[in-house]
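> got a sequence here, can you build the structure:
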Amino acid sequence: MANTPLMPKATAVWLVDNTALSFTQIASFCRLHPLEVKAIADGEAAQGIKGLDPILTGQLSREEVEKAQNDPNYQLKLQGSKVIVPESKRKGPRYTPVSRRQDRPNAILWLVRNHPELKDAQIIRLVGTTKPTIAAIRDRTHWNSANLTPSDPVTLGLCSQLELDMEVEKAAKNAPQPMVGEPVERLMPVEETTNEDAIAAAFSFDPSQPVKREEEEEIDADAVFANLGSLKSEESEESEESEEGEEGDEPASEDIAPEAEGEEAQETEGEEDTK
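You can find the predicted model right below:
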């Protein structure tokens with residue numbers, strides 16, 4: 001906390017608007033993620049935050065800023081402050097503003113889908129929710145389950161990218177090790193996802209074009225019709241056998257009829273003799 005400037009997001013807003021520093025330099029100085037700095041530059045985050053000049057507050061010198069602008073690999077160094085800010089330790093669940101509480105189910109759904117290795121306690125630390133809510137969203141028994149849309153909690157402002165990365169790393173350490181020979185899926189490093197080629201590829205993607213899929217197996221029409229013909233022949237044979245069985249059962253019923261008539265005749269004769 002001692003190496004973090006006061007009001008990091010406000011400082012990042014000022015540095016983005018008034019300097020030519022790179023996103024990586026601003027992110028390392030303000031202890032933010034490069035994507036958060038990029039979102040600030042694009043106007044997607046920190047829209048209502050007023051920039052704070054770190055030079056006026058004594059956190060940076062003008063020579064330090066000029067040196068960093070001339071060398072993209074140079075990391076800004078925070079000047080020593082006379083006031084020691086103690087590190088705040090949060091007790092209990094994270095506090096979420098009332099205006100953003102309606103976005104928590106969407107963030108939970110995003111975490112459950114994209115990071116299933118996270119435990120309930122980790123999701124509670126990130127978003128500030130409860131275990132019954134997480135269980136309801138996982139089981140699709142939430143009262144608003146039909147209208148939920150997965151949203152990144154970092155974009156919603158419920159947590160920072162650094163906190164999310166820390167929780168994901170902890171969950172990855174506790175996850176079972178994969179079997180030998182199986183491919184291991186991992187997140188791409190920040191350097192690869194934030195370089196110019198990756199950003200250009202992301203913005204050049206055209207959603208109107210259909211996605212190329214693997215070629216399906218060719219279907220042999222002759223084999224399909226041959227199978228249909230064999231099925232029809234089997235059905236016809238079964239119907240013929242059932243008809244023959246019914247014809248064989250009919251004479252038995254005819255033989256039974258005369259016997260019944262003979263028994264009735266004998267009964268009538270017996271009745272006449274008794275009379």
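> show me the helices in the protein, by range?
Applying DSSP state H to the chain gives helices spanning 8-18, 23-30, 34-42, 62-70, 104-114, 120-127, 131-138, 153-156, 161-174, 190-193, 196-203, 221-274.
> tell me, which of the ones you listed is the model least confident about?
Among those, helix 221-274 carries the lowest mean pLDDT, at a mean of 61.
> residue closest to the middle of this protein?
Nearest to the geometric centre of the chain sits residue 113, at 2.8 Å (CA atoms, centre = their mean).
> contacts only, for that residue.
For residue 113, the contact set (CB atoms under 8 Å, 6 or more residues apart in numbering) comprises residue 150. For glycine as for every other residue, the C-beta is placed from the backbone atoms N, C-alpha and C.
> ok so, going back, can you say which of the helices of the chain is packed in most?
helix 23-30 (a mean of 22; mean count of other CB atoms under 10 Å).
> who does that one touch, helix- and strand-wise?
Using 3 or more CB pairs under 8 Å, 6 or more residues apart in numbering; DSSP states H and E, the elements in contact with helix 23-30 are helix 8-18, helix 34-42.
> those into JSON lines, with extra columns for distance to residue 199?
Supplementary listing: the helices and strands packed on helix 23-30 in JSON lines, determined by distance: least, CB to CB, whole Å:
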{"stretch": "helix 8-18", "distance to residue 199": "16"}
{"stretch": "helix 34-42", "distance to residue 199": "8"}
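> roughly how far apart are the closest residue in space to residue 44 that isn't next to it in sequence and residue 174?
Distances taken as CB to CB, 6 or more residues apart in numbering place residue 155 nearest to residue 44, at 7.6 Å, with adjacent residues excluded. Taking CB to CB, to the nearest Å as the measure, residue 155 falls 26 Å from residue 174.
> for the nearest residue to residue 134 once chain neighbours are set aside, what are its contacts?
In this structure, residue 134 finds its nearest non-sequential neighbour in residue 120, 5.2 Å apart by CB to CB, 6+ apart. Residue 120 sits next to 131, 134-135 when contact means CB under 8 Å, 6+ apart.
> tell me the one of the residues you listed nearest residue 150?
Ranked by distance to residue 150 (CB to CB), the contacts of residue 120 are led by residue 134 at 13.8 Å.
> please verify my assumption that the closest one contacts residue 112.
Yes - look at residue 134 against residue 112 with CB atoms under 8 Å: they come within range, at 7.4 Å.
> quick check on residue 33: phi, psi?
phi -90, psi 150 (degrees, to the nearest 10).
> for it, give its distance to residue 193.
For residue 33, the distance to residue 193 equals 11 Å [CB to CB].
> with residue 153 instead?
18 Å.
> which residues do residue 134 and residue 112 both contact?
residue 123.
> so what pLDDT did residue 211 get?
For residue 211, pLDDT reads 52.
> same question for residue 102.
Residue 102 is given a pLDDT of 90.
> do you know how far the closest residue to residue 65 other than its chain neighbours is from residue 60?
Of all residues not flanking residue 65 in the chain, residue 19 sits nearest, at 5.9 Å (CB to CB, 6+ apart). Distance of residue 19 to residue 60, computed by CB to CB: 10 Å.
> when the two are compared, which one has more neighbours?
residue 60 (22 against 17; other CB atoms under 10 Å).
> returning to what we had before: how far away is the residue nearest to residue 134 from residue 127?
In terms of CB to CB, residue 120 sits 11 Å off from residue 127.
> cool, residue 59 as well?
The value you get for residue 59 to residue 127, if CB to CB is used, is 31 Å.
> outside of stretch 45-64, which residues touch it?
For stretch 45-64, contacts defined as CB under 8 Å, 6+ apart pick out 5-7, 9-15, 17-18, 36, 39-40, 65, 76-79, 81, 155, 157.
> spatially nearest residue to residue 122 (excluding sequence neighbours)?
Residue 122's closest residue in space is residue 167 (CB to CB, 6+ apart), at 4.6 Å.
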